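K.L.:
coords please:
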Amino acid sequence: MERPSLEFNLPDTHQEGKLYVVDSLNNLNKLNVCPAESQRSLADEEENTGGTEENMAGSNTRNQCLLFVTFILTLAVTLALVSFVIFLIFQTRNEVDQISSRLLSEKKNIEELKKLNNVILKHLNQSRIVE
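P.N.:
Sure, this is the predicted structure:
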C-alpha cells in the first residue's frame, strides 16, 4: 500500500510573501524619494480603483465645508446671544440706578416729613400748655 502524501502541491506562499514585502518597500521608497513618480503611480491606482478615492475626497471636502458653515453659524448665534445678554445687563443696571435714585429722594422726603411732623407735634404740645 502506498502511503498518502501529506505534502500538497501548493505554490511557495512564503516566497510570494517575501516578494510582496519587497514590492511594498519599493513602493514606499518611491513615495519618499520620487514624489512626481509617486503621484503618477497614485493616479494610475485611482484609475484602476474606479475613482472611489475621488468620491471619498469629494465627500470629505463637502463634510469639511459643512462643518465650517456649522461652525460659523454657531459663532454667529453665540455672538448674538452674548450681545443680547450684555444689552440686558446694561438695561437692568439703568433700571436699578433709576430705582435707587427714586428711593433716595423718597427717603429724603420721608425724613423731611418726620421733621415737619416733629415741629407740628411740638407746636401742638406748646399750644396745649398755653391753654
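
K.L.:
give me the neighbour count for Gln27.
P.N.:
Residue 27: Asn, not Gln. Asn27 has 13 neighbouring residues, counting by other Cβ atoms under 10 Å. For the C-beta atoms, the positions are set from N, CA and C on the backbone; glycine is no exception.

K.L.:
just Lys30 next, same as before
P.N.:
Neighbours of Lys30 (other Cβ under 10 Å): 14.

K.L.:
please, which helix or strand holds it?
P.N.:
Of the helices and strands defined by DSSP states H and E, Lys30 is found in helix 13-33.

K.L.:
same deal with Cys65?
P.N.:
In the assignment (DSSP H and E), Cys65 maps to helix 52-130.

K.L.:
that helix - contacts with which helices or strands?
P.N.:
When contacts are defined as 3 or more Cβ pairs under 8 Å, 6 or more residues apart in numbering; DSSP states H and E, helix 52-130 packs onto no helix or strand at all.

K.L.:
which secondary element of this structure has the worst mean pLDDT?
P.N.:
helix 35-49 (a mean of 54; mean pLDDT, DSSP states H and E).
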